[in-house]
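K.L.:
predicted model follows, preceded by the sequence.
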Amino acid sequence: MADTVADPRLTNARHAPRRPLRLGWSDPRVRNLFWQVVIIGLVVAVLWFLIHNTNRNLAARHIATGFGFLFQPASIPIGETPIAYTASVSTYGRAILIGILNTLKVSVIGIVLATILGTAVGIGRLSPNWLLARITAVYVEFVRDIPLLLQLFFWYGLLQALPAPRQAFHPLTGVFLSNRGIKLPALNWVGAHDLVLLAFVVGLLCTWAWSRFADRRQAATGQRPRTWPVAVLLLIVLPVGVWAALGAPFHLDLPALRGFNFQGGLTVTPEYAALLIGLVVYTATYIAEIVRSGILAVPQGQWEAGGALGLSRGVVLRRIVLPQALRVIIPPLASQYLNLIKNSSLAVAIGFQDIVSIANTTLTQTGQAIEGIAIIMAVYLCFSLSISAFMNWYNARIALRTR
Amino acid sequence: MQAVLWARANLFRSWWSTAVTLVLIYLIVRGAWSFIDWAFINAVWSVPQGPNGPNTAVCHAAQGIGACWAVVKEKYRFILFAFYPYAEQWRPATCIVLLILLYIVSARRQFWRKELALLWIMTLVVIGILMWGGAFGLTYVPQYQWGGLPLTLILATIGLAAAFPLSILVALGRRSTGLPAVRLLCVVYVELIRGVPLISLLFMATTMFPLFMPNGADIDKVLSAQVAIILFAAAYLAEVVRAGLQSLPRGQNEAADALGLSYWRKTGLIILPQALRLVIPPLVNTFIGFFKDTSLVLIVGIFDLLKAGTTAVADPPWQGFGNEIYVLLAVIYFAFCYAMSRYSRGLERDLDRARRR
């Protein structure tokens, strides 16, 4: 009924009558068209001037154009290679792919850790414990007001000041802290572990399905079937059972000191560790503020109502306040994630080879600045668009459904 | 009695809270003690001058146990002014003072009027004369010798002064309804710049601006970095300004139209004064971020404050005393950023109070 107009005479009265185009300065449409033509014309002229100059300069310096260099062998030594790479044999394309993977490696782990730390600190700032609230406030204030680059230098210097491998700190079996990086034990991955992982994923899916079922059951009958025994069964007992059934293969590759350096095990390079620590510590302060303001945006009455139901503070926070706070938190959080990804480009200052660092080396070696910058921009635009797409989807999912 | 009650309510409310308090007290006392130990008790405050420069053996002996503040004493002139000729360093020092005075004056609300723009232009001209010289009997100092704190402040100040008007134009362009082509242009500009890291813009500025110039004219590195910073800041500020424009009630626009004001009079007299007032706190926060971001210019080889600091400890006798220098730099950056953030918060409170009244 809402879309039928009560009085049919009103339908035509809604819009002002369209005026015929008057070809004169007094018509705003003509003025708008004129100004647009002028501004766009100016921009095009400037662009044309720049492109013309660039083409002339490129020709004068005998610099090639186009992306042909991607298929030529690259003489960039790369320290951390998630995929196989040999300097002077592998192509520039492969080097740039490694750069992208390195950026992803630091960004994804950084986002996860910064979210955890930031949420903890943000909740800590609202703690009734005065000391905890003060300490977290001081941490946020202090770390926010110092440039990230300076912090990265500090962490990198700290990690490099660790003793040489022979005198490495050895806090746990198989863990060594030295100026060559952090050494961790690695699991020798065999075929059976794939099946265990598969069992875990299946268990995860089943747990999720069970909790959906429990939700529906609770909505229908008011009784919620227990979830945690099922979760334990599916997430722990099932993979462990599969693992035991396959003969429990387990062999740790422990790092050991041979000569002047370590052999075996997993290595976290000082560059990667410094970048990760710096990004997490810095971004967590911003996330903490977002979480704090999100929680404060939930009316006090929600806390009190939860308390009146006899729920503990932790349960009220987890079940009542945080789900509502998420609606305020998500949009600024998305932009902090993007900032973290963009800030990971500071890697170039401490020698971790991310996409910006490798693309920059490429452009100095080939001289093809425009293509190099274009690659960087394209990669970051892809990151930005995918993060915003994901966060928009998530935001739409948790948004308040009003009727 | 009061204190005991307070402590019971705020520190030892439950066994969980008590545990947190005790762990934190332990960590604080330990951390503070080892810092005091390092920074004061075991610190080396000065070193003897040997025949070939300072003799840093004492410092090296104390490394890891105590701080070597002698490096700060020895290098502070270099960190603050980098390669600016030693005898002329009173000029950049005056610039620092002038800039700080300019910030203080701009922060006071009774000075927020048109003359302030004039003051900014005058101060920047005076700073230009002081830094470059070549007039009034001052010797000429080329740009590549500038560095340290004055350079950081100049990059940030000029960046702001130029980016702010640009950002207002871009925000207005993005909001304009009658000019779809201009709106598209502004959207593309803002989203493109905000989508990429500042470093890539700085690289672009230093590698591509020379290609843009006719006949491959050499363009100064500091100038290219300054242009990159302006373009970068304008995109971010434009989004803040746009938020202010958006939060203004439509009625203001319509009322101005009803009075028959032209677009520029409407914008300048009605819309902008209100919209900008709404977004002053986020603007100041953007300024803080942007002041910290000027430190990235060191990656393209410009001697800003941070670069001067890292170069100072690359000097062989002083190698390995990075932490002392980082403490000094952190204090300087912190002082500026903290002052701004305190100011922003105070302003927010005042404006909030004014709105509620």
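P.N.:
Yep, it's here.
K.L.:
phi, psi of A:Glu289?
P.N.:
Backbone torsions for A:Glu289, taken as degrees, to the nearest 10, come to phi -60, psi -40.
K.L.:
and it, how many neighbours?
P.N.:
When neighbours are counted by other CB atoms under 10 Å in any protein chain shown, A:Glu289 registers 18. Quick note: C-beta positions are derived from backbone N, CA and C, even for glycine.
K.L.:
distance check, it against chain B.
P.N.:
10 Å (CB to the nearest CB, to the nearest Å).
K.L.:
tell me the pLDDT of that residue.
P.N.:
According to the prediction, A:Glu289 has pLDDT 92.
K.L.:
okay, now the residue nearest to it when sequence neighbours are not counted: neighbour count?
P.N.:
In space, and not counting its chain neighbours, A:Glu289 is closest to A:Val140: 6.4 Å by CB to CB, 6 or more residues apart in numbering or on different chains. Using other CB under 10 Å, the number of residues around A:Val140 comes to 22.
K.L.:
swap in the one 3 residues further on?
P.N.:
The number of residues packed near A:Val143 is 20, by other CB under 10 Å.
K.L.:
the nearest residue to A:Ile135 once chain neighbours are set aside: neighbouring residues, count only.
P.N.:
Nearest non-adjacent residue to A:Ile135, counting by CB to CB, 6+ apart: B:Leu24, 6.0 Å away. Residues lying near B:Leu24 (other CB under 10 Å) number 16.
K.L.:
before we move on, the earlier item: quick check: the residue nearest to A:Glu289 touching A:Thr283?
P.N.:
No - under the criterion of CB atoms under 8 Å, A:Val140 makes no contact with A:Thr283, lying 11.6 Å away.
K.L.:
and A:Ala114, how far from B:Asp220?
P.N.:
Using CB to CB, to the nearest Å, A:Ala114 is found at 38 Å from B:Asp220.
K.L.:
correction: A:Thr267
P.N.:
A:Thr267 sits 42 Å away from B:Asp220, going by CB to CB.
K.L.:
before we move on, back to that, would you verify that the residue nearest to A:Glu289 is located in a strand?
P.N.:
No - applying DSSP: H, G, I helix; E, B strand; the rest coil, one finds A:Val140 to be helix, outside a strand.
K.L.:
contacting residues for it?
P.N.:
A:121, A:125, A:285, A:288-289 (CB atoms under 8 Å, 6 or more residues apart in numbering or on different chains).
K.L.:
now with 10 Å, please.
P.N.:
Applying CB atoms under 10 Å, 6 or more residues apart in numbering or on different chains to A:Val140 gives the contacts A:118, A:121-122, A:124-125, A:284-289, A:292.
K.L.:
now do A:Ala248
P.N.:
A:Ala248 makes contacts with A:192, A:240, as judged by CB under 10 Å, 6+ apart.
K.L.:
show me which positions of stretch A:301-316 end up buried.
P.N.:
For stretch A:301-316, the neighbour count (16 or more other CB atoms under 10 Å in any protein chain shown) marks A:303, A:306, A:311, A:316 as buried.
K.L.:
kindly check the end-to-end length of that stretch for me.
P.N.:
Taking CA to CA, to the nearest Å, the first and last residues of stretch A:301-316 lie 12 Å apart.
K.L.:
what pLDDT, on average, does that stretch get?
P.N.:
Mean predicted confidence for stretch A:301-316 is 88.
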